[in-house]
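J.: Below: sequence and its predicted model.
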Amino acid sequence: MYFVPPEAFGTVEEGIYRSSDDITSINCPFLKNLGLSHILFLSNEVPSRVITKFVEDEGIRLVLLGWKPVSEELIKEGLEMVLDSKYHPILVMCTTGLHETGTFIGCLRKLQHWNFNSIVFEYRSFAGKRSRYYIEQFIELFDTDLINIPENPPKFFAVQQAMWEEEEVELLKRKWGSKFIESS
């Protein structure tokens with residue numbers, strides 16, 4: 001048996017995947033192998049019959065969070081879901097797997113404190129010649145303070161946040177020296 005991933009498929013982090021919604025029956029064994037519990041659907045379009053049948057057959061919860069145009073509120077809602085490990089493993093998808101999904105993953109990367117050039121590189125790696133400047137600008141301006149981190153974030157996120165906080169403390173110590181240590 002061959003396992004064929006859908007178009008624009010990628011592993012974002014452990015338990016988080018991305019793809020287009022262009023799923024055919026040939027992709028179903030691959031997706032079944034991921035053990036998905038949720039699919040976050042970011043398109044305004046109605047999911048295809050293949051998707052609806054697949055989620056029905058596999059007992060996967062399909063969450064429709066379509067948008068046009070993209071908004072901070074919808075990104076916030078989706079990120080808070082993806083950052084709650086009770087929804088994992090989860091597949092994030094949109095029509096092409098490029099623009100809405102790319103925006104969403106870019107905002108996740110920003111929340112993970114990725115360097116902006118790395119975020120854009122990842123986005124362009126999927127979008128190629130179809131990348132859009134306004135998406136990169138949206139990601140750059142996205143306010144990560146809007147996101148409420150759930151009580152049980154996935155392990156990768158908890159570890160990254162702890163490392164980031166340690167790094168921030170070290171930077172403050174280097175900048176302020178003993179003044180920082182005395183006041184904390």
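T.: Cool, the structure landed. Numbers count the residues shown, from 1 in each chain.

J.: Specify the residue ranges that define each domain of this structure.
T.: Domain segmentation of the chain under automatic domain parsing yields 10-153, 154-184.

J.: which one of these is the most hemmed in?
T.: Greatest average neighbour count among these goes to domain 10-153 (a mean of 17), per mean count of other CB atoms under 10 Å. All C-beta spots, glycine's among them, are computed from the backbone N, C-alpha and C.

J.: Please determine how far the residue nearest to the spatial centre of the chain is located from Ser118.
T.: Among the residues of the chain, the one closest to the centroid is Ile105, at 3.8 Å (CA atoms, centre = their mean). In this view, Ile105 and Ser118 are 12 Å apart by CB to CB, to the nearest Å.

J.: ok, now Pro47?
T.: In this view, Pro47 and Ser118 are 31 Å apart by CB to CB.

J.: now the helices: where do they sit in the chain?
T.: 28-33, 49-58, 72-82, 99-111, 116-127, 133-141, 155-176, 178-183 (DSSP state H).

J.: In TSV, list the ones you listed along with distance to Tyr17 and mean pLDDT.
T.: Listed next are these as TSV, based on distance: least, CB to CB, whole Å; pLDDT from 0 to 100:
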stretch	distance to Tyr17	mean pLDDT
helix 28-33	9	97
helix 49-58	14	97
helix 72-82	11	96
helix 99-111	10	97
helix 116-127	13	98
helix 133-141	20	97
helix 155-176	13	86
helix 178-183	41	56
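
J.: So for Tyr2, which of those sits nearest?
T.: Set against Tyr2 and scored by CB to CB, the helices of the chain come closest in helix 28-33, at 7.8 Å.

J.: Hmm, Glu151 and Leu83 touching each other?
T.: No - Leu83 is beyond contact range of Glu151, at 10.3 Å (criterion: CB atoms under 8 Å).

J.: Tell me who's in contact with the residue nearest to the centre of the chain.
T.: If you count contacts by CB atoms under 8 Å, 6 or more residues apart in numbering, Ile105 has them with Val12, Arg18, Val92, Glu122, Tyr123.

J.: With adjacent residues omitted, what lies nearest to the fourth one?
T.: If you skip the residues right next to it in sequence, Glu122 has Arg109 as its closest partner in space, 6.7 Å away by CB to CB, 6 or more residues apart in numbering.

J.: For that neighbour, give me its contacts.
T.: Shown in contact with Arg109 (CB under 8 Å, 6+ apart): Ser118, Ile119, Glu122, Ile139.

J.: on that earlier part again, can you redo the domains of the chain as a markdown table with distance to Phe3?
T.: Formatted as a markdown table, the domains of the chain follow (distance: least, CB to CB, whole Å):
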| stretch | distance to Phe3 |
| --- | --- |
| domain 10-153 | 4 |
| domain 154-184 | 24 |
